[in-house]
Structures are given as structure tokens and as C-alpha cells.
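Q: Here is a sequence together with a model predicted from it:
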Amino acid sequence: MSEALSLLPSNGVLVELSGQAPSPSKDFHQFTISTSNTIWRTWNITLRNDYRRLNPTESRQPAEDFAYDERLQFDVRRVFGNNTLEYVKNLCLGQIDYLARLPTPLLIYLVSFLELEDVASLAQTSKQFYEVCNNDSLWERIYEVHCDTVTDEMKSLAEQLGWKKMFFTNKLQLQVQLRRQRIKSPDGEGRNGDTFITD
């Protein structure tokens, strides 16, 4: 358990959201959820020349109380949507998404063991996993697993195309790309030799 807790930020903040209430309201809201409490702040935006209305209000309560606060839940749903409300309720109940808090290099390592169909599905779950599943380092690992040989020439081409594009380029097209790269190289090294892509 202590290893899992070490993945949490030192300040205890699990998520911090900010946004404007839907029209016709122009009020601005910020919602902070930590391991111990929730903080809901509101900035009342008005066209009236009444500066007292511009002072933000703040509501702070223990995180576990959020599950029973229907008014605050209504406000969270109204400003941030139902999916966010469900996510926040789970956080306040201690259901913390530790997987999403792993360092990116470790996530890339773990994702590299998935089947390609699972990588594509995972990429659709969140912005974070979309970025992980399209990371060039991930596709370099996937390429190396699925290909017998990765030459320096292929690595050089991958720097131009990206490993994901290299992976999904059919072998004939890849041979053409490698041949063009050889011709363009200043020293012409390898012009007479061929790199063959095999299963």
C-alpha cells in the first residue's frame, strides 16, 4: 500500500478542475479534490458595477462527505458533466486510479506487452493514454518485438517517419523508402547493398 501511496502528489491533490458554468451564467468555478477534502470555489461574474459580487466563495468539506452532498454533486454535474461527477465520486470513495499515475516510461513498458487491438482500445480511454499509445518509444518497442532485425538504416528512417508509421508501412513500401534514403545519403554508404525486411 505504501508503494501505491508514493504515486500520489506530495500535496495530496488528486485532481483540480476549472471551468465556466453553462449559459446563461458566466460564473467561473474551480473544484479541487485531495486525499482529505474537496474545495469548491466560485467567482461570480456580473456586468453590474458591484464589486462585492466579484469576491470568490469557497466551500470546503471532508472528501468522504462529497458522496452525501447532493447540492455540490449537482453543481459538479452542471459545470463539468456527468462523467466527471462519477470520476470524482469514485476518488472521494478512495477508488484512486493508480495506473494513470504511473510514470510515462513505465506505462510505455507495460502497454508494449498488449496486443495491437488492445493498444488501439486503450488509446480511446483518455487523453493521457492516447498520448502513451501513440508515443514513438512505445512503437519502437513494438517494432522490435515484431521484426527480426532492426538495422541502423531502419532506425535512421524511423527518425524521419516515426516508429508507428514504420510499423504499419508494408514491406514493399519500406524497401522503397530505404532505397531512397540510401541514394540521398551524403556518403552513399550501403548504396550497393540491400536491407531486406523479413517477418
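A: Perfect, thanks for sending it.
Q: okay, now residue 40: neighbour count?
A: Counted with other Cβ atoms under 10 Å, residues neighbouring residue 40 total 21. (Each C-beta comes from the backbone N, C-alpha and C, glycine too.)
Q: quick one, what contacts the closest residue to residue 156 other than its chain neighbours?
A: Distance criterion Cβ to Cβ, 6 or more residues apart in numbering; nearest residue to residue 156, sequence neighbours excluded, is residue 181 at 6.7 Å. By Cβ atoms under 8 Å, 6 or more residues apart in numbering, the residues touching residue 181 are 153, 156, 157, 160.
Q: residues near the first one, how many?
A: A count of nearby residues for residue 153, using other Cβ under 10 Å, gives 16.
Q: same deal with the third one?
A: Using other Cβ under 10 Å, residue 157 is surrounded by 22 other residues.
Q: Enumerate every residue touching it.
A: Neighbours of residue 157 in contact, by Cβ under 8 Å, 6+ apart: 166, 174, 177, 178, 181.
Q: any idea how far it lies from residue 173?
A: Remark: distance between residue 157 and residue 173 (Cβ to Cβ, to the nearest Å) = 11 Å.
Q: Would you mind listing where this structure has pLDDT under the threshold?
A: Applying pLDDT under 70 to the chain flags the ranges 1-9, 48-54, 170-172, 174, 185-199.
Q: what residue lies at the spatial centre of it?
A: residue 128 (0.6 Å; Cα atoms, centre = their mean).
Q: ok, so of the contacts of residue 181, who is nearest residue 19?
A: residue 160 (40.0 Å; Cβ to Cβ).
Q: Leaving out chain neighbours, which residue sits closest to that closest one?
A: residue 181 (7.8 Å).
Q: do residue 43 as well
A: Distance criterion Cβ to Cβ, 6+ apart; nearest residue to residue 43, sequence neighbours excluded, is residue 28 at 4.3 Å.
Q: correct me, but the one you found touches residue 18?
A: Yes. Between residue 28 and residue 18 there is a contact at 7.2 Å, judged by Cβ atoms under 8 Å.
Q: These two: who's more crowded?
A: Neighbours around residue 28 and residue 18, counted as other Cβ under 10 Å, are more numerous at residue 28. The numbers are 16 against 13.
Q: Need phi/psi at the more buried one.
A: phi -110, psi 140 (degrees, to the nearest 10).
Q: and stretch 99-116, how far apart are its ends?
A: Start-to-end span of stretch 99-116 (Cα to Cα, to the nearest Å) is 19 Å.
Q: For it, which residues meet the burial criterion?
A: For stretch 99-116, burial by neighbour count (16 or more other Cβ atoms under 10 Å) applies to 107, 108, 111, 112.
Q: Which secondary structure element is home to the second one?
A: What that stands for is residue 108. helix 104-111 (DSSP states H and E).
Q: which residues sit against that helix?
A: Outside helix 104-111, the residues within contact range by Cβ under 8 Å, 6+ apart are 99, 102, 119, 122, 132, 133, 135, 137, 138, 141.
Q: Quick check: can you name the pairing partners of the host helix or strand of residue 30 and their directions?
A: Applying DSSP H and E as the criterion places residue 30 in strand 28-34. Each strand paired with strand 28-34, and its direction, by DSSP bridges: strand 13-20 (antiparallel), strand 37-43 (antiparallel).
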